[in-house]
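1. here you go, sequence then predicted model.
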Amino acid sequence: MKPVNYKDGLDQMYQSQGFPPYKWSVFDSSPWAPFDKHLDQASIGLISSAGIFRDDQEPFDPWAVNDLSFRQIPIDTPFERLRLHHNYFDHRDALKDFNCVFPVHRLKELEKEGFIGHFIPTALTLSMGRLYKRTELQKETVPQMVKIMRDKGADAVLLVAA
Amino acid sequence: MKQVLPPRSTFVNFPLGRECGKPHDVELQTRILKETLELLTTEKEPGLIKDLPYEWHETFNWPGYLKDIQEMVEEEGSEMQEWKPKNNQ
């Protein structure tokens, strides 16, 4: 099955309402940091854009626009304490099993079996639905998240673009 | 994804919200993660988007995506909101 072209769908939806064409980000190069470790000795962090937060944290707005905040979530947080506010995708399966978009249980298992060396004990989440402030995202939000992951010793980060 | 060019990535052709697999399908979720993390050691240059071979159990499309969100919002007792661009940068 061909993948769904969400970009074209969104373009048609907005332009049919009279808005000008959206300038999607297009990069002609890809950043590269060499990875020289064995996976079973590497520390891996998790970042998910599924709008997940803990019950004692500031909620994400499910219809957020330009919310550039993120949350730090201990990976041992029981799923009953997690909330998901993100209405730009059908989140019903994620509510049945957060691992669909926030695979903490699976990563803990991979650490236990030795597939990865270490799973960084804090995961980061943000609410990536409808962020138009791309410059601020790149220059302010992301460096803060990178610093947290670096300070915690991550060798690499898995980004789940939910 | 091709426009964004992440350094190392996999693509799972599932509806949004199931990027790491189907709910409670531990084996599938584990395979997706292993095949993604392995790119750290197999890829020596950036830009690969590796298509993983897993298929969703039914077809899905753009109208279905909008319909599912509408259905979800109604099920949860909320209201749909207009999708209008703001501060387009």
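-> Happy to help now that I have it.
2. now do the helices in chain B.
-> B:26-37, B:39-42, B:62-75 (DSSP state H).
3. which of these sits closest to A:Asp155?
-> Smallest distance to A:Asp155 across the helices of chain B (Cβ to Cβ): 8.4 Å, for helix B:39-42. For every residue, glycine as well, the C-beta is placed using N, CA and C.
4. do that closest one and chain A meet at all?
-> Yes. Using Cβ under 8 Å from any Cβ of the partner chain, a contact is recorded between helix B:39-42 and chain A, made by B:40-41.
5. what comes up buried for that helix?
-> Under the neighbour-count criterion of 16 or more other Cβ atoms under 10 Å in any protein chain shown, helix B:39-42 has B:39-40 buried.
6. tell me which other helices or strands it touches.
-> Under the contact criterion of 3 or more Cβ pairs under 8 Å, 6 or more residues apart in numbering or on different chains; DSSP states H and E, helix B:39-42 touches strand B:8-11.
7. any idea how far the strand it packs on is from the chain center?
-> A distance of 11 Å separates the centroid of the chain from that of strand B:8-11, by Cα atoms, centre = their mean, to the nearest Å.
8. now swap in stretch A:65-74 and tell me
-> With Cα atoms, centre = their mean, you get 9 Å for stretch A:65-74.
9. give me the residues contacting it.
-> Stretch A:65-74 is contacted by residues A:52-54, A:57-58, A:60-61, A:82, A:121-127, A:130-133, A:136-137, A:140-141, A:144-145, A:148, B:86-87 when judged by Cβ atoms under 8 Å, 6 or more residues apart in numbering or on different chains.
10. list only those of those flagged as buried.
-> For the contacts of stretch A:65-74, buried by 16+ other Cβ under 10 Å: A:52-54, A:57, A:60, A:82, A:122-127, A:131-133, A:137, A:141, A:145, A:148.
11. residue contacts, residue 9?
-> Defaulting to chain A. B:62, B:65 are the contacts of A:Gly9 under Cβ under 8 Å, 6+ apart.
12. switch to chain B, that's the one I care about
-> Counting by Cβ under 8 Å, 6+ apart, B:Ser9 has contacts B:1, B:36, B:39, B:48-50.
13. among the contacts of stretch A:65-74, which are located in strands?
-> A:52-54, A:82, A:122-126 (DSSP state E).
14. tabulate the residues you listed (TSV), appending pLDDT and distance to B:Glu79.
-> Shown next, in TSV, are the ones in strands among the contacts of stretch A:65-74 (pLDDT from 0 to 100; distance: Cβ to Cβ, whole Å):
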residue	pLDDT	distance to B:Glu79
A:Ile52	96	22
A:Phe53	97	21
A:Arg54	97	26
A:Leu82	97	24
A:Thr122	98	34
A:Ala123	98	31
A:Leu124	98	30
A:Thr125	96	25
A:Leu126	92	24
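15. with that, I have no additional questions.
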